[in-house]
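> sequence plus the predicted model coming up.
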Amino acid sequence: MTVITTATALLADIAVEKDRTDAVQAFVKQETILVELTTDDGLQGTGYAYTIGTGGSSVLALLRDHLLPLLVGADARNVEALWKRLFSATRATTTGALTSLALAAVDTALWDLRCKRAGEPLWRLAGGHRREVPLYDTEGGWLHLSTDELVESALRAQQAGWAGVKIKVGKPHVSEDAERLRAVRAAVGPSLHIMTDANQSQTASSALQLAAALEPYGPYWLEEPLPADDISGHARLAAATRIPVAVGESMYSAMQFRMYLEAGAASVVQVDAARVGGITPWLKVAHTAESHNAVVCPHFLMELHVSLAAAVPNGMFVEYIPQLRAVTRTELTVRDGLAVAPDVPGIGIDWDLDAVENRRVA
């Protein structure tokens, strides 16, 4: 049988490995919501979602009060049916971050069970396109770092054979952002991809100015230049600049991505499995992007996203931000500048549950 017998959740705080700042916020800590599901055939699936400092207890309450009780007695194989059932039970709070995060924690646990039951790794069961995906570094590009530090980090990534680096933008004056990018480009030459990320900090007019100032240095993309709700603003910017526009980390449903793609408002899709509601909707977004000839470069969660980016033909990059090393027994494998998807049954995260318990707050 495959009936879910227990469904539990907990909240653990994982400290950031280094200071992380952008134009609008700092990454304070990773509030990590873990869901564990057991079935009557002896399998256990673990899923998770996260916030970067607030809201974790609210996600946990939504799970415990409303969603987890609906899972006990259900057939764990019916992943689409269970996702829809839980979504329908939260109509009053959808579409939004808290509900999507709660759904994601459950959905990744269901996929963990699905893969373990099939004896297959996630990258293969979700599509099986390839096992290795190019990697780019974000850890060396935070906004508070000096220009010299940006250059040093970019050179290290280049020497390691990585495909690219990300530089945060949104300094008080656009000339400072341009100078930082110019210095990195001068140091690494034309071959290394340089991604830029404004974290929704710009207005309609300042985004145009920023894009024009950065364009001479060949950014691979300009990420989240405007608030995520501003589809028309992104469309106008995309039409006005040669820099590809990237969006996705602050979007919480597959339909939001469809509207962006149909409007020509983005050509790089950065769908986040936790924020969009799990692996099930993540794959739908990836396939929608493929039908629009757009690439998928997921946001954060490299330990999970390496398998998803490997699963689909348009999975282009994995973002390097290590955050789970304190609570896992293994970490992301990097070989010749490529992120390698785990090849063990399940979603591929080897949790150290004792370390999780030591960081448990609820």
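Arrived safely, thanks for sending. Numbering: from 1, shown residues only.
> so which residue is smack in the middle of the chain?
His299 (2.8 Å; C-alpha atoms, centre = their mean).
> hang on, it packs against Val271?
Yes - between His299 and Val271 a contact is recorded at 7.3 Å, counting by C-beta atoms under 8 Å. Glycine gets a C-beta too; all of them are placed from N, C-alpha and C.
> overlap in contacts of those two?
Contact criterion C-beta atoms under 8 Å, 6 or more residues apart in numbering; residues shared by His299 and Val271: Gly248.
> now for the residue nearest to the centre of the chain: which residues touch it?
His299 makes contact with 248-249, 270-272, 275, 305, 319, according to C-beta under 8 Å, 6+ apart.
> what of Thr93?
Going by C-beta under 8 Å, 6+ apart, Thr93 touches 62, 99.
> gap between it and Arg275?
From Thr93 across to Arg275, the span is 15 Å (C-beta to C-beta, to the nearest Å).
> tell me the domain boundaries of this structure?
Per automatic domain parsing, the domain ranges recorded for the chain read 4-119, 124-340.
> all helices of this structure, in order?
In the chain, the segments counted as helices under DSSP state H are 56-62, 79-89, 97-118, 122-125, 147-159, 174-188, 204-214, 231-240, 254-262, 273-276, 279-291, 302-311, 353-358.
> so which bits of the last one are buried?
Pointing back at helix 353-358 there. Neighbour-count burial for helix 353-358, counted by 16 or more other C-beta atoms under 10 Å, picks out 355-356.
> what comes into contact with it?
Helix 353-358 has contacts (C-beta under 8 Å, 6+ apart) with 10, 12, 32, 34, 326-328.
> doesn't Gly56 make contact with Leu11?
Yes - the criterion here is C-beta under 8 Å, and Leu11 meets it with Gly56 at 5.1 Å.
> and the two? Which one has more around it.
Neighbour count, other C-beta atoms under 10 Å: between Leu11 and Gly56, Gly56 has more, with 24 against 20.
> low-confidence ranges, the stretch 251-362 of the chain, go.
Scanning the stretch 251-362 of the chain for pLDDT under 70 picks out nothing.
> let's see that with 90 instead.
Where the stretch 251-362 of the chain drops to pLDDT under 90, the residues are 362.
> contacting residues for Ala309?
Contacts of Ala309 by C-beta under 8 Å, 6+ apart are 133, 296-298, 315-318, 339.
> wait, I meant Arg242
By C-beta under 8 Å, 6+ apart, Arg242 lies in contact with Glu215.
> so how far is Ser267 from it?
Using C-beta to C-beta, Arg242 is found at 11 Å from Ser267.
> next one: Leu62
Applying C-beta to C-beta to Leu62 and Ser267 gives a distance of 34 Å.
> these two: which has the busier surroundings?
The residue with more neighbours, out of Leu62 and Ser267, is Leu62; 22 against 18, by other C-beta under 10 Å.
> report the separation between the more buried one and Leu101.
Computed as C-beta to C-beta, the Leu62 to Leu101 distance reads 8 Å.
> do the same with His173
To Leu101, His173 is 36 Å away according to C-beta to C-beta.
> who's more crowded, these two?
Taking other C-beta under 10 Å, His173 and Leu101 do not tie; Leu101 has more neighbours (29 against 9).
> please name the nearest non-neighbouring residue to that one.
Sequence neighbours aside, Ala49 is the residue nearest to Leu101 in space, at 4.2 Å (criterion: C-beta to C-beta, 6 or more residues apart in numbering).
> again, but for Leu324
Nearest to Leu324 is Glu303, by C-beta to C-beta, 6+ apart, at 5.3 Å.
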